[in-house]
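1. okay, sequence plus prediction incoming.
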Amino acid sequence: MAYKNIDSVTITDVTLREFGQNVPETHLHIFTPEIRGRIASDLIGAGFRNLEILSCIHPKVAPAMHESALRKISAGLGRIDGVHMITLIPNLTGYRTFCSLGLGPDQYNHTMGIFFSAVEAHNLANLGRPLEETVEGYRAILKDASNRDIRVVGYISAAFGYMDPEKGTVIKADLGELTRYIELFFDLGVRTVTLSDLQGVADKGETKRIFESILETRKGRNINRIGYHPHHISGGQALANSKAAFDLGIRRFDASLGGTGGCITGAPGNQPTEKLVPFFSKMGVDTGINETGVFSLSESVREELYRKIPLSRSLRPDT
């Protein structure tokens, strides 16, 4: 059952954050702050108004997200009104870094992204603490962020399940709990909530079933503020899943150039931005993005970065 029938979508490009957090320290001479800033500017020039660029996580986990690099990139780009440059924070330490870098509305005006997993096992693997503890930590952060007028978006990983690496079986997310977390996010002032299929465990049928359940339970409330972030080793399957979400009324989608990216816990790549844009265009759906510009940018990024920086196969786009 579709709740809305509108002819436009919002696409958030996540290339710089997802690819960036997996670049090894030995190749930061290629993935420089200057190059990252240029790619961000090119994406904005192509029409993107939502970009995941930075992540305030420990540099031991993601060397490219060292505070000095974050400072150079944010200063180089400056404040760009009308563009949501999204910086993710995993905890209170990350939030303090976000504020100390001047990423709030008083200076660079980034949107802050918070995230946790719908499956306890993955939350422990990814964030190192229990789910309820994570949620309570964010509750305090969001209260302070609200007082500072910081825009916040939320992400729920493994919303479609998590493949246990030891047992090789998929742990399903509790859809009742998932819906409760969505409501909690909105109640705490989060502007959008994006659901992630962390490992691409759902086909289009399962994607449809889970979205239908959530939307029916919520009676379609705030559907324009719910997004979809499909990870999948097959870009084509990710696009098919996005179509299933679109048919139900979802109008916010994440993608990355070349389909690169993933999570340190074993998530495969994303749906390719340069394929998602024409995919919607052929359906007569407006993305506000220059199709030719995105394709050219994806080719240049492939040559300049992807073919020069070694990543694990699950994180690397086809080259």
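-> Ah, there it is.
2. make it CA atoms for all contacts and neighbour counts henceforth
-> OK.
3. surely Arg302 touches Gly258?
-> Yes: judged on Cα atoms under 8 Å, Arg302 makes contact with Gly258 at a distance of 7.2 Å.
4. if you count surrounding residues, which of these two has more?
-> Counted by other Cα atoms under 10 Å, Arg302 and Gly258 do not tie: Gly258 has more neighbours, with 26 against 19.
5. which ones are touching Ser196?
-> Counting by Cα atoms under 8 Å, 6 or more residues apart in numbering, Ser196 makes contact with Tyr155, Ile156, Ser157, Ala158, Ala159, Phe160, Tyr228, His229, Pro230, His231.
6. mind putting those residues into JSON lines with distance to Thr287 and neighbour count?
-> Formatted as JSON lines, the contacts of Ser196 follow (distance: Cα to Cα, whole Å; neighbours: other Cα atoms under 10 Å):
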{"residue": "Tyr155", "distance to Thr287": "21", "neighbour count": "25"}
{"residue": "Ile156", "distance to Thr287": "24", "neighbour count": "23"}
{"residue": "Ser157", "distance to Thr287": "25", "neighbour count": "24"}
{"residue": "Ala158", "distance to Thr287": "26", "neighbour count": "28"}
{"residue": "Ala159", "distance to Thr287": "25", "neighbour count": "28"}
{"residue": "Phe160", "distance to Thr287": "25", "neighbour count": "30"}
{"residue": "Tyr228", "distance to Thr287": "15", "neighbour count": "26"}
{"residue": "His229", "distance to Thr287": "16", "neighbour count": "26"}
{"residue": "Pro230", "distance to Thr287": "18", "neighbour count": "30"}
{"residue": "His231", "distance to Thr287": "20", "neighbour count": "30"}
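7. as JSON lines, these with secondary structure would be great.
-> Shown next, in JSON lines, are those (DSSP: H, G, I helix; E, B strand; the rest coil):
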{"residue": "Tyr155", "secondary structure": "strand"}
{"residue": "Ile156", "secondary structure": "strand"}
{"residue": "Ser157", "secondary structure": "strand"}
{"residue": "Ala158", "secondary structure": "coil"}
{"residue": "Ala159", "secondary structure": "coil"}
{"residue": "Phe160", "secondary structure": "coil"}
{"residue": "Tyr228", "secondary structure": "strand"}
{"residue": "His229", "secondary structure": "strand"}
{"residue": "Pro230", "secondary structure": "strand"}
{"residue": "His231", "secondary structure": "strand"}
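8. could you dump the residues you listed into CSV and include distance to Phe31 and pLDDT?
-> Formatted as CSV, the contacts of Ser196 follow (distance: Cα to Cα, whole Å; pLDDT from 0 to 100):
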residue, distance to Phe31, pLDDT
Tyr155, 26, 96
Ile156, 28, 94
Ser157, 26, 92
Ala158, 28, 92
Ala159, 31, 94
Phe160, 32, 95
Tyr228, 27, 97
His229, 24, 95
Pro230, 25, 92
His231, 23, 84
